[in-house]
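1. got a sequence here, can you build the structure:
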Amino acid sequence: MLKAIIFDFDGVLGDTWAMNLEVCQIFKPHLTEESFRNNHNGNIYNVKDMHFNKEEEQIHGREMKKRFEEKHLFPFKKDLPKLNEDYKLFIVSSTSEQSLETYLSFGELMPLFSEVMGKYAHTSKVVKFQMIFEKYNLKPEECLFFTDTLGDIREANEVGLPVVGVTWGYHDFYTLQKGEPWKIISEFEELLPTIEEYKVK
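-> Prediction:
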């Protein structure tokens, strides 16, 4: 039985791909779209090019907040309250908890999530998934994880967590396919039907 939906944030719940690349290029002007996408083939905290010093992190957070506040890019905003009625909702992200809470507050979405886990909970999503399973007494097969990166799929595979890849974020269909997710979707409107499909599979 499906009991919980876990979302990655950047590139999935928050349409932040373009603005994140733009902000990262402030400190790392050599980054291209291709290299930035490739940095997400695994855990980004293992990628030297994605390391920022404390001052850079503060500027990154400030610039992302400014851009997100202007656009409020939540493609699933209308679907989340309905999902919250039937499932526990979680966010597992590499972004800081403070930034996630700020973004979610713009859309008044924070109360819908049982827990929001960012980089300070742990830099490994494997560990964060295990923390959710243990704390909320959930089995991996009772959860469904939506993400846009091959790196996330690989980490979910380590704990047996079923994954839906989405192509509107950081990675395209063919890159996501390398991780062998349960399903790949390309349209926002496929979210709810995909969840229903998983329930009866």
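
2. and for stretch 172-184, what are the contacting residues?
-> 37, 41, 144, 148-150, 153-154, 157, 162-167, 186, 194, 197-198 (C-beta atoms under 8 Å, 6 or more residues apart in numbering). In short, each C-beta sits where N, CA and C put it, glycine included.

3. narrow the residues you listed to just the buried residues.
-> 37, 41, 144, 148-150, 153-154, 162-167, 194, 198 (16 or more other C-beta atoms under 10 Å).

4. report the two of those separated the most.
-> Using C-beta to C-beta, the pair of these lying farthest apart is 37 and 198, separated by 26.7 Å.

5. who's in contact with residue 141?
-> Residue 141 sits in contact with 160, 162, where contact means C-beta under 8 Å, 6+ apart.

6. all strands for this structure, in order.
-> Taking DSSP state E, the strands of the chain run over residues 4-7, 88-92, 115-117, 143-147, 163-166, 183-185.

7. name the residues that touch the least confident helix or strand in the chain by mean pLDDT?
-> When the helices and strands of the chain are scored by mean pLDDT, DSSP states H and E, helix 54-71 comes last with a mean of 75. For helix 54-71, the surrounding residues in contact (C-beta under 8 Å, 6+ apart) are 14-16, 19-20, 22-24, 26-27, 52, 96, 98-99, 102-103, 106.

8. where does the protein have low pLDDT?
-> 44, 47, 49, 68-73 (pLDDT under 70).

9. whichever of the contacts of helix 54-71 end up buried, select them in PyMOL.
-> Here is the PyMOL command that picks out the buried ones among these, judged by 16+ other C-beta under 10 Å:
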select buried, resi 14+15+16+19+20+23+24+99+102+103+106
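
10. measure residue 77 to residue 162 for me?
-> Noted for residue 77: a distance of 24 Å to residue 162, by C-beta to C-beta, to the nearest Å.
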